[in-house]
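In: structure for this input, please:
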Amino acid sequence: MEHFLNAQHCLTIAAGFIAIIAACATLITSANNKAESLATRIRELTKEHRERRQDRGRCEQLEKQLKRFKNRFIRVQLAQGSLFLTIGIFIASLAIFLSLGLNIVYEHISEDDLYTVAHTPLRSIMVLGRIGIILMGIAIILQLWEVVASYFTLNIESSDCLPEESTQAAVQASSAASGD
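Out: Purely as a prediction, here's the structure:
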């Protein structure tokens, strides 16, 4: 009979969880930096808007930017939340997995009884893993959306300086993003 779960399987699975947790931590750092940058920019724009009440054209431009920055900030916060949930899920999965391994060793579970003992915890890990992967995917998509949105916010800022080039670049970026 082939071994159901051996030491090499266990180490590989544990290393996989640790790698995913580390990747999520890196993405969280990136999202935190982006959120801080957006918050700083929002504060700068609101201050400039308050100081420039007489320049209606610039105030309209600032209002457009502020709206985009706030939407981008919300997406980054959603990505952060999704990543924190992902890390929590994978840490819980790793804890279940390690507990199962310790239980097998401590209780001297025989090879014949291993499937019966391990089935439910492994099924739980599988379900949690799938949920974690979906959440991580959502966070990555939100971060990608943020990268695309940053261009359009920049386009608002530069539209009065390079109106024709900004419009052409926006059309090209939109076409590239949609695959046309």
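In: contacts, neighbours, all on C-alpha from now
Out: Noted.
In: next one, pLDDT for the residue lying closest to L45 once chain neighbours are set aside please.
Out: Using CA to CA, 6 or more residues apart in numbering and skipping the chain neighbours, the partner closest in space to L45 is L62 (6.4 Å). On pLDDT, L62 comes in at 86.
In: thought L62 was touching E51?
Out: No. With contacts counted by CA atoms under 8 Å, L62 stays clear of E51, the gap being 11.5 Å.
In: so in the protein, which helix runs the longest?
Out: Criterion DSSP state H: the longest helix present in the chain is helix 56-106.
In: report the mean per-residue pLDDT for the helix or strand that that one is followed by.
Out: Moving toward the C-terminus from helix 56-106, the next helix or strand (DSSP states H and E) is helix 111-158. Mean per-residue pLDDT for helix 111-158: 88.
In: starting at the chain centroid, how far to helix 111-158?
Out: Taking the mean of its C-alpha atoms, helix 111-158 sits 8 Å from the chain's own mean (CA atoms, centre = their mean, to the nearest Å).
In: on contacts alone, who are the packing partners of it?
Out: Here helix 111-158 touches helix 56-106, helix 163-178, going by 3 or more CA pairs under 8 Å, 6 or more residues apart in numbering; DSSP states H and E.
In: and of those helices, who's closest to I21?
Out: Among these, the nearest to I21 by CA to CA is helix 56-106 (5.6 Å).
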